[in-house]
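Asker: Okay, structure incoming, though there's no sequence with it:
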C-alpha cells in the first residue's frame, strides 16, 4: 500500500514540476525578448541623435566655422531700416540660420527674400516658420554653401557672419554682385571695403566685450578700387 501510494504521489508531483519549469522558461524568454526590444530601441534612438547632431557639429570641421546665433530684435531693426531707406526690392541672406531674418524682412517690407543655409534642419525649420508667419510666398530657403549661392540677380545681400569669412566674401561680391547692389553686414564689417553707411543700435549687446548691434552698408566698388 505504501509503495502504491508513493508511486501515486510521484505521478501527481512530476507534472507539477514540469509545468512550473515550462512557465519559468516562458517567463525568461519574455524578459529576454523585452530587454532585446529596449536595447534595439535605445540603440536606434542614440544613432538618430548622433545623426541629428552632425549638421550642428560639422561647422567645426570646415574651413570657415559659422556658428548658429539667432539675430536679435535690435539687429533686425537696423537691417530693416537700411533696406527700406535704400529701396531694396529683394534680399539674399547668406547663412540664414533659422530663417528669422528673411521672414522678418518679408513681413516688414513685403519683398522677396532668399535664405542660403547649409544645415538641413535649420532649412526645414525656416520653411515651417515662414509658413506659420504667412510669408511662405515671399521666402525661399536653400540648403547650400553660402559661397555657392547665386547673388547675381539681387540688389541686397545681408550677412550675419564671422570676420574670418569676410575676405573670401569680398572676392565673391566683386565677381558676382550687380553694380547697383548693396551689402548689409550686421555685427561685423567687411575686411577692406569702405562702407557708405554705418550705424550702431540704441541697445548694446556685448559678446566678449564687443557690441554686435552694428550695421555697415556697402556699395560694390568699381573694378579699379576693389581690393
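Answerer: Received, thanks. All values derive from a computational prediction rather than experimental measurement.

Asker: For residue 72, give me its contacts.
Answerer: Residue 72 sits next to 205, 213 when contact means Cβ atoms under 8 Å, 6 or more residues apart in numbering. Just so you know, the C-beta spots here come from the backbone N, C-alpha and C atoms, and that holds for glycine as well.

Asker: which element follows the helix or strand of the chain with the lowest mean pLDDT toward the C-terminus?
Answerer: In the chain, no helix or strand scores lower on mean pLDDT, DSSP states H and E than helix 2-57, which sits at a mean of 50. Counting by DSSP states H and E, the element after helix 2-57 in chain order, helix or strand, is helix 73-85.

Asker: Identify each buried residue in that next one, please.
Answerer: Buried positions in helix 73-85, judged by neighbour count with 16 or more other Cβ atoms under 10 Å: 74-80, 82-83.

Asker: Would you mind putting those residues into JSON lines with pLDDT and distance to residue 138 alongside?
Answerer: Shown next, in JSON lines, are the buried residues of helix 73-85 (pLDDT from 0 to 100; distance: Cβ to Cβ, whole Å):
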{"residue": "74", "pLDDT": "96", "distance to residue 138": "23"}
{"residue": "75", "pLDDT": "97", "distance to residue 138": "20"}
{"residue": "76", "pLDDT": "97", "distance to residue 138": "16"}
{"residue": "77", "pLDDT": "97", "distance to residue 138": "19"}
{"residue": "78", "pLDDT": "97", "distance to residue 138": "21"}
{"residue": "79", "pLDDT": "98", "distance to residue 138": "16"}
{"residue": "80", "pLDDT": "98", "distance to residue 138": "14"}
{"residue": "82", "pLDDT": "98", "distance to residue 138": "19"}
{"residue": "83", "pLDDT": "98", "distance to residue 138": "14"}
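
Asker: Make a markdown table from those and add distance to residue 182 to it.
Answerer: Output for those, formatted as a markdown table (distance: Cβ to Cβ, whole Å):
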| residue | distance to residue 182 |
| --- | --- |
| 74 | 20 |
| 75 | 17 |
| 76 | 17 |
| 77 | 18 |
| 78 | 14 |
| 79 | 11 |
| 80 | 14 |
| 82 | 8 |
| 83 | 9 |
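
Asker: which intervals of the protein have sub-threshold pLDDT?
Answerer: 1-66, 223-227 (pLDDT under 70).

Asker: For residue 76, give its distance to residue 109.
Answerer: Distance, residue 76 to residue 109, using Cβ to Cβ, to the nearest Å: 12 Å.

Asker: got the contact list for the closest residue to residue 177 other than its chain neighbours?
Answerer: Leaving aside its chain neighbours, residue 177 sits nearest to residue 220 (4.9 Å; criterion: Cβ to Cβ, 6 or more residues apart in numbering). Residue 220 sits next to 173-174, 177-183, 226 when contact means Cβ under 8 Å, 6+ apart.

Asker: Okay then, goodbye and thanks.
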